[in-house]
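**Q** Here is my input, please return the structure:
(one chain, ligands or ions: 1)
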Amino acid sequence: MDTDTQPDKRAWLRTIVDPLRPVARELLAASLFVNLLALAAPIFVMQVYDRVIGHSGLETLKGLVIGMVLVLAFDYVMRQSRGRVMQMVALRIDVEVGTRLFDKLMRLPLRTLEGRPTAFWQQLFRDVDALRNTLSGASAILLADLPFVFVFLGVIFVIGKPLAAVFLVMFLLFILLAWRSGRALADSAQREKNVTASRDALVAEIVAGRGIVKSVGLDRAVRPLWEERQAGAIEHAIQRGAVADGYVTIGTELTQMASILLTTVGAIYIIDHELSMGALVACNMLSARLYGPINQLVGAWKSFGGFRQSVDRLSELFAESEDRSEATMRLPRPNGRLTIENLNFAYEEDAPPSLGIERLDIVPGGVTAILGKNGSGKTTLLKVLMGLYPPAKGRVLLDGADIAQFSRGELASWIGYVPQDTLLFNASVRDNIAYGAPGCSDEQILAAARAAGVHDVIADMPKGYATGIGEAGSKLSAGQRQRIAIARALVGNPPVLLLDEPSASLDRQAEEDLRATMAELAKTRTVVVVTHSPVLLPACRDVVVLDRGHLLAAGPAAEVLPRLFGTRPAAAPQQPPKPNPAAAVPPHQMQARVTP
Ligand SMILES: Nc1ncnc2c1ncn2[C@@H]1O[C@H](COP(=O)(O)OP(=O)(O)OP(=O)(O)O)[C@@H](O)[C@H]1O
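**A** I've put the predicted structure just below:
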């Protein structure tokens, strides 16, 4: 770990922990009383042995018992208040770190989010739990109790002076054990965590694709993978458990050894009249208070190790750069003209660019189709146009202004997007459409649903717009999901609309409705659609053809399509024609300016 950069990376933790200082003082004060009160029982026992039994002091016993009842009542009050303080800490951490984590995730660039498996992002929320459990649970109380072991040590020195050497030696042995176990457990816990993370990533993938796993019978293929990772996880858990158990057992044996040694040495001093019976019994009781917290420390290292890893992971995340949240200039609602200049985009830094376009100009007033073979970069181009993938070189302009200067929120409200793989949430139909423009009115939702051709379908649902659609829209058909996604993109009335294969799951009628909607919307907006559909293509004014991330052709559909397919698919043939690169626009015409 880089200790030079660590303090900065952990600044977020200080902003959470610093306001908790008064609470920590309360905790220490409560712990002080709890630990001081813990001295009462051994002293009570010592007095009973030395003063009451030997001298038949029943009056003294009465006084001592009354005193102990009061002490126990006070102890109860102190422990309760310590519990309440810890609950407050837990709540604060949950609210502050949880909210901060959520906001950070929402502001991370898409490439950062795509760079890690789903399980990693889920783990971060468990890290918040680890933070809360350590800072507000048994581990925090243990840390607050630890300083008081020196108080117990001091009291032992006073009431059982001859036994001081025994305590000191055993105390140092316990410290050594706690330190050794801490190091050993941290290493094995880290190894276990790595293996468990890889198993969890596989489980997350299997669960996400459970429909495919069942239908294709992937269980036979993924079982060996899962078995291998599960076996690794079990092996490391056993190893870590063995290390932990080993140290806990040594701690237990050491405690018993300490008790036997104490009693043996104590007996010798009692015979020599250098120690009273009561002092020996009291010292034995105090030894439990002394070694107890250090012994607990042996078992608590796992949670401290986990806490450190969680803090490191969260620190790394909070240090990640974010999407722009504030625009550098205010722009009124744009008209929607999109321009690409000298653009290069690569998924990996050293990889060849997945997209390389010198110039492309897409203007409002008509539908622009993007065509190309699988993997030619159509979806990538849409994501670059939306500002989701910042280019390595070049610019994307919206109405002549570089989109890099706009916030993610502004771009999302100006550019509607229907992805290839529709993602809906487990909420009502209404809410899913409204997510496209938070705060939109019912009228806007109705208008968007009508434009997307899904209003009648929704009206037929048992609860209409209030119908729940299940996890990821599982209660809907693929076509219904796609149409709701189109409504979601339309609801904010964005000046730019990007549609990625929007009719892949639509029936013929729905596709024709969508074509009419697109044509209508494009009168005042920029509509870009990735499609090979013979129903949608005739509605397109311009066509952009991509091949391996480069422009193969771009220009009016009436010119480009006949060159690509031989004929323009105006009559919507049954089978969509495949682009024919050989018949495309020659290279010198490739960076054509797409104009109406
Ligand atoms: N997240 C990613 N990380 C790395 N490479 C990617 C990623 N997404 C896409 N690619 C690569 O970028 C290239 C273009 O992919 P893209 O999805 O843009 O193609 P497409 O034209 O939309 O394909 P399709 O017609 O199959 O949807 C492909 O070679 C693909 O392997």
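
**Q** host element of residue 542?
**A** strand 540-547 (DSSP states H and E).

**Q** Next, the buried residues of that strand.
**A** 540-547 (16 or more other Cβ atoms under 10 Å). The C-beta positions use only the backbone N, C-alpha and C, and glycine is treated the same way.

**Q** Which one of these is nearest to residue 181?
**A** Set against residue 181, the nearest of the buried residues of strand 540-547 by Cβ to Cβ is residue 546 (59.8 Å).

**Q** pLDDT score for the closest one?
**A** Per-residue pLDDT puts residue 546 at 94.

**Q** residues touching the closest residue to the ligand within the stretch 151-300 of the chain, list them.
**A** The ligand sits closest to residue 205 of the stretch 151-300 of the chain, with a gap of 15.1 Å, by Cβ to the nearest ligand atom. Residues in contact with residue 205 (Cβ atoms under 8 Å, 6 or more residues apart in numbering) are 117-118.

**Q** How about residue 399?
**A** 331, 334-337.

**Q** between the residues you listed, which is closest to the ligand?
**A** residue 336 (21.8 Å).

**Q** That closest one against residue 522, yeah?
**A** No: when contacts are counted by Cβ atoms under 8 Å, residue 336 is not listed as touching residue 522 (9.7 Å).

**Q** On the three-state scheme, the residue in the stretch 201-350 of the chain positioned nearest to the ligand is what?
**A** Closest approach between the stretch 201-350 of the chain and the ligand, counting by Cβ to the nearest ligand atom: residue 347, at 3.4 Å. Classification of residue 347 using DSSP: H, G, I helix; E, B strand; the rest coil returns coil.

**Q** Also residue 397?
**A** strand.

**Q** separation between it and residue 359?
**A** Going from residue 397 to residue 359 by Cβ to Cβ, to the nearest Å gives 11 Å.

**Q** ok, now residue 102?
**A** For residue 102, the distance to residue 359 - Cβ to Cβ - is 40 Å.

**Q** What of residue 556?
**A** 17 Å.

**Q** tally of neighbours for the closest residue to the ligand within the stretch 1-150 of the chain?
**A** As assessed by Cβ to the nearest ligand atom, the ligand sits closest to residue 114 within the stretch 1-150 of the chain, at 5.1 Å. Counted by other Cβ atoms under 10 Å, the residues lying close to residue 114 total 12.

**Q** So which bits of this protein are right by the ligand?
**A** 114, 347, 354, 372, 374-380, 420 (Cβ under 6 Å from any ligand atom).

**Q** Just the ones of those in strands?
**A** Counted as lying in strands by DSSP state E, out of these, are residue 372.

**Q** taking the residues of the chain next to the ligand one by one, which sit in helices?
**A** 114, 378-380 (DSSP state H).

**Q** what's the single longest helix in the protein?
**A** Under DSSP H, the chain gives helix 219-271 as its longest helix.

**Q** what's it packed up against?
**A** Under the contact definition 3 or more Cβ pairs under 8 Å, 6 or more residues apart in numbering; DSSP states H and E, helix 219-271 sits against helix 164-208, helix 277-318.

**Q** Turn these into a markdown table, including distance to residue 507.
**A** As requested, those are exported to a markdown table (distance: least, Cβ to Cβ, whole Å):
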| stretch | distance to residue 507 |
| --- | --- |
| helix 164-208 | 27 |
| helix 277-318 | 44 |
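
**Q** Pick the most buried one from those.
**A** Mean neighbour count (mean count of other Cβ atoms under 10 Å) peaks for helix 277-318 among the helices and strands packed on helix 219-271, with a mean of 20.

**Q** what do residue 397 and residue 359 both touch?
**A** Joint contacts of residue 397 and residue 359 (Cβ under 8 Å, 6+ apart) are 339-341.

**Q** For residue 264, state which of those is nearest.
**A** residue 340 (86.5 Å).

**Q** Can you report how many residues lie near the closest one?
**A** 22.

**Q** Helix, strand or coil: sort out it for me.
**A** strand.

**Q** mind listing what's buried in stretch 69-87?
**A** Under the neighbour-count rule (16+ other Cβ under 10 Å), stretch 69-87 has 71, 75, 78-79, 81-82, 85-86 buried.

**Q** can you check stretch 524-532 too?
**A** 525-532.

**Q** What's the first helix or strand after the helix-or-strand element of the chain with minimal mean pLDDT?
**A** In the chain, no helix or strand scores lower on mean pLDDT, DSSP states H and E than helix 6-9, which sits at a mean of 63. Moving toward the C-terminus from helix 6-9, the next helix or strand (DSSP H and E) is helix 11-17.

**Q** For that following helix, which helices and strands make contact with it?
**A** helix 58-107, helix 277-318.

**Q** Also compute the angle for the first one relative to helix 277-318, please.
**A** Orientation note: helix 58-107 sits at an angle of 10 degrees relative to helix 277-318 (axes from the mean of the first three to the mean of the last three Cα atoms, to 10 degrees).

**Q** per the record, what domains does this structure have?
**A** 6-318, 338-589 (automatic domain parsing).

**Q** Make JSON lines out of those domains and add distance to residue 324.
**A** Output for those, formatted as JSON lines (distance: least, Cβ to Cβ, whole Å):
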{"stretch": "domain 6-318", "distance to residue 324": "9"}
{"stretch": "domain 338-589", "distance to residue 324": "5"}
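
**Q** Tell me which of the ones you listed is the most buried.
**A** For the domains of the chain, where neighbours mean mean count of other Cβ under 10 Å, the stretch averaging the most is domain 338-589, with a mean of 19.

**Q** from the chain's centre, how far out does that domain sit?
**A** 29 Å (Cα atoms, centre = their mean, to the nearest Å).

**Q** Next: stretch 193-206.
**A** Worked out by Cα atoms, centre = their mean, stretch 193-206 lies 15 Å from the chain centre.

**Q** Check the average confidence over that stretch, would you?
**A** 85.

**Q** ok, for the residue of the stretch 401-550 of the chain found nearest the ligand, nearest residue in space, not its chain neighbours?
**A** Nearest to the ligand, among the residues of the stretch 401-550 of the chain, is residue 420, at 5.9 Å (Cβ to the nearest ligand atom). Closest residue to residue 420 apart from its sequence neighbours, by Cβ to Cβ, 6 or more residues apart in numbering: residue 500 at 4.3 Å.

**Q** So what sits opposite that neighbour in the bridge?
**A** residue 530 (DSSP bridges).

**Q** mind checking pLDDT for it?
**A** 94.

**Q** OK, contacts around it?
**A** Counting by Cβ under 8 Å, 6+ apart, residue 500 has contacts 378-379, 382, 417-420, 530.

**Q** got the residues you listed as TSV, with distance to residue 95 columns?
**A** Listed next are the contacts of residue 500 as TSV, based on distance: Cβ to Cβ, whole Å:
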residue	distance to residue 95
378	43
379	38
382	37
417	32
418	36
419	33
420	37
530	42
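
**Q** Surely residue 326 and residue 408 touch.
**A** No: checked against Cβ under 8 Å, the pair residue 326 and residue 408 is beyond contact range at 10.3 Å.

**Q** just to revisit the earlier point, between residue 336 and residue 522, what contacts are shared?
**A** With Cβ under 8 Å, 6+ apart, residue 336 and residue 522 have common neighbours residue 364.

**Q** where's residue 212 relative to residue 219, distance?
**A** Residue 212 is 11 Å from residue 219, by Cβ to Cβ.

**Q** Correction: the previous question concerned residue 239.
**A** Taking Cβ to Cβ, one finds residue 239 at 29 Å from residue 219.

**Q** and if you look at residue 296?
**A** Distance of residue 296 to residue 219, computed by Cβ to Cβ: 44 Å.

**Q** for the stretch 401-550 of the chain, what are the low-confidence residue spans?
**A** For the stretch 401-550 of the chain, no stretch is flagged by pLDDT under 70.
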